[in-house]
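[1] Sequence first, predicted coordinates after that:
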Amino acid sequence: QNTTNPNCTTVKEQTYDYIVIGSGAGGIPVADRLSEAGHSVLLIEKGPLSSGRWNGTMKPAWLEGTNLTRFDVPGLFNQIWADPTGVACEDVDVMAGCVLGGGVAVNSALWWKPHPSDWDVNFPVGWKNSDMQKHVETVWQRIPGTYIPSKDGKLYLQQGFDTVSKGLEAAGFKYVVPNDHPDQKNHTYGHSTFFVENAERHGPLATYLVTAMKRKNFALWTNTAARRLIRTGGHITGVELKCSKEGTVGPGYGGTVRVTPGTGRVILSAGTFGSAKLLLRSGIGPLDQLEVVRNSTVDGATMIQSNQWINLPVGYNLNDHVVAPNLGPMFWQQIQASMTITQYLGMGTLSRGRMTILPNMNTRVSIAPYLRDSHDKEAVVQGIDYIRGVLSQIQNLTWVVPTVNQSTTAFVNSIPATTGLRGSNHWTGSCTIGSDDGRSGGRAVVDLDTKVYGTDNLFVVDASIFPGMTTGNPSGAIITVAERAAGRILSLKPLGTSALD
Ligand SMILES: Cc1cc2nc3c(=O)[nH]c(=O)nc-3n(C[C@H](O)[C@H](O)[C@H](O)COP(=O)(O)OP(=O)(O)OC[C@H]3O[C@@H](n4cnc5c(N)ncnc54)[C@H](O)[C@@H]3O)c2cc1C
């Protein structure tokens, strides 16, 4: 133990076959799968414990005496906006969860089976719909989700749904259960699906982490931040750690944890901003960004020599669903209710942004990825025009915005393309997967096995590798990607064996 801080243990001799950094939508499933194959796996999370199942303690007074925390109760899923302290990441300029479970501990639990085109349009060879379907089925067997999240099997507060349905039906839309027909996204409507079970948050924390934690070869360290990777050329030997908030939020680890000499591997699952930042702090990224790290007071002294730098387009190809923007509120005289419709522009968007690092080692969205391409803007205008037309058939409905006399183009132009006004917290990109090696002018940071180009034992498995945006909220697709990545990583030959073995 650190003599000055009993809550901050300095790592001694431990080594692991796999060190997975970040316990979000990507990290928990990949760590579970790697440990299932018999390897020793360490999952590192910089945030504190979250759900009640894992001894989380953050809860309002009315949950005292129960095993539930704010992360478990569906009615509190948006609490991160009202009370972000100790839950939201502090090193990014957007909203993200820095607790056990990452985004899947704090999000709204919307749970969509990916549209086949999410793979076929966006992903490279080996990651197409035909490759991904078996993994989609595996994920949905473990996390089925429901569109009736209440314990008593009833749907509540359906006035808005019922009213809009009438307009959609009149316009020829068909009702579907969305996850029974993920390919039917044209002229269809349905209820939202959530990863809620027994009226509590479900998802990776209640499935993949449960099986992983039962294994003796699996370890979880929370309140432990990875600072940078220790490497010799393209080979990672360990991860430098720092106790989060010097151990004041709970027991954590400092020092350097090593991978099994020769064969060990490191998986970055720290999210679109976290994984990119770790690469930059480890000398992997665009040269302008590596200069920022080298010139910083935080990292300058320990930064790897520039002759070891690996020049890759880390931080580019940043993407997020553009809220296109919210329509409404709309107000119905008849039922005296108002509602807002959120319209996303997702799969097929052409606009991209960039994340960069600041001298204090925080990251920021330096180019917001919203509506930079004129085709994207045109698609948004057309989409809103269309839905305005459909819903105008509904009686007694008053639109507050866009106003009756406002053109859709004027309305769309009136809302700046900033992360605050257009963002949806569905960040992807920054460490794109592809066969077009970024060291020689391509866009990709990781290869088709999710291995970082120029390294032999470093992988990225999270939202950051997505080449383009999904149709729906992305967590289901990210977990599916983690399933596929685990299989591909496990099937790679161990390091040190010859191709003739
Ligand atoms: C408020 C909000 C609402 C959302 N609603 C939905 C929704 O309803 N449905 C849906 O599908 N998606 C939703 N999303 C998006 C979804 O949750 C994310 O896309 C998803 O969680 C991203 O997965 P990931 O594995 O890439 O990263 P994350 O889930 O963000 O996980 C990254 C983890 O890494 C940890 N970490 C970062 N850096 C380090 C480090 N240096 N050392 C150690 N640990 C580190 C973080 O603390 C975090 O736990 C929402 C997101 C937010 C923020």
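    Perfect, thanks for sending it. Worth saying up front: this structure is predicted, and the values here are computed from it rather than measured.
[2] Now residue 275. Nearest residue, chain neighbours left out?
    residue 268 (4.1 Å; CB to CB, 6 or more residues apart in numbering). Where you see a C-beta, it was placed from the backbone N, CA and C, and this is true even at glycine.
[3] what about that neighbour, distance to residue 203?
    Distance of residue 268 to residue 203, given as CB to CB, to the nearest Å: 21 Å.
[4] And residue 257, by the same measure?
    Counting by CB to CB - residue 257 and residue 203 are separated by 27 Å.
[5] the more surrounded of the two?
    Each of residue 257 and residue 203 has its neighbours counted (other CB atoms under 10 Å); residue 203 has more, 28 against 25.
[6] pretty sure the more buried one contacts residue 104?
    Yes. At 4.8 Å, residue 203 counts as touching residue 104 under the criterion of CB atoms under 8 Å.
[7] joint contacts of those two?
    195, 475 (CB atoms under 8 Å, 6 or more residues apart in numbering).
[8] what sits against the most centrally placed residue in the chain?
    Among the residues of the chain, the one closest to the centroid is residue 463, at 4.7 Å (CA atoms, centre = their mean). Residues near residue 463 by CB under 8 Å, 6+ apart: 25, 26, 271, 272, 426, 427, 428, 474, 478.
[9] The fifth one in helix, strand or coil?
    Under the three-state scheme (DSSP: H, G, I helix; E, B strand; the rest coil), the conformation of residue 426 reads as coil.
[10] Helix, strand, or coil at residue 226?
    Residue 226 is classified as strand under three-state DSSP.
[11] That one touches residue 238, doesn't it?
    No. The pair residue 226 / residue 238 is not scored as a contact, 10.2 Å apart, by CB under 8 Å.
[12] interface residues of the stretch 351-500 of the chain facing the ligand?
    425, 426, 462, 463, 473, 474, 475, 478 (CB under 6 Å from any ligand atom).
[13] can you tell me how far the last one sits from residue 81?
    This means residue 478. From residue 478 to residue 81 the distance is 22 Å (CB to CB).
[14] For the residues of the stretch 351-500 of the chain next to the ligand, which two are the farthest from each other?
    Spanning the widest gap among those are 462 and 473, at 15.2 Å by CB to CB.
[15] More neighbours: which of those two?
    Neighbours were counted for residue 462 and for residue 473 using other CB under 10 Å; residue 462 has more, 31 against 23.
[16] which stretches of the stretch 101-250 of the chain have low pLDDT?
    Regions of the stretch 101-250 of the chain meeting the criterion pLDDT under 70 are absent.
[17] again with the chain
    1-4, 324-337, 496-501.
[18] Could you rerun that using 80?
    Regions of the chain meeting the criterion pLDDT under 80 cover residues 1-5, 323-339, 395-397, 399, 494-501.
[19] can you give me the helices for it?
    Assigned by DSSP state H, the chain shows helices spanning 27-36, 79-82, 103-106, 116-120, 129-142, 159-170, 208-213, 271-281, 287-294, 374-391, 408-413, 419-422, 475-491.
[20] Can you tell me which of those is packed in deepest?
    Of all those, helix 103-106 carries the top mean neighbour count, a mean of 30, counting by mean count of other CB atoms under 10 Å.
[21] is any part of that helix close to the ligand?
    Yes. Contact of helix 103-106 with the ligand (CB under 6 Å from any ligand atom) involves 103, 104, 106.
[22] so how far is that helix off the chain centroid?
    Between the centre of helix 103-106 and the centre of its chain there are 9 Å (CA atoms, centre = their mean, to the nearest Å).
[23] Contact partners for residue 144?
    residue 197.
[24] And it, how far from the ligand?
    Distance of residue 144 to the ligand, computed by CB to the nearest ligand atom, to the nearest Å: 15 Å.
[25] And that residue, how close does it get to residue 239?
    Residue 144 is 35 Å from residue 239, by CB to CB.
[26] Can you report how many residues neighbour residue 58?
    20.
[27] With residue 447 instead?
    The burial count for residue 447: 20, using other CB under 10 Å.
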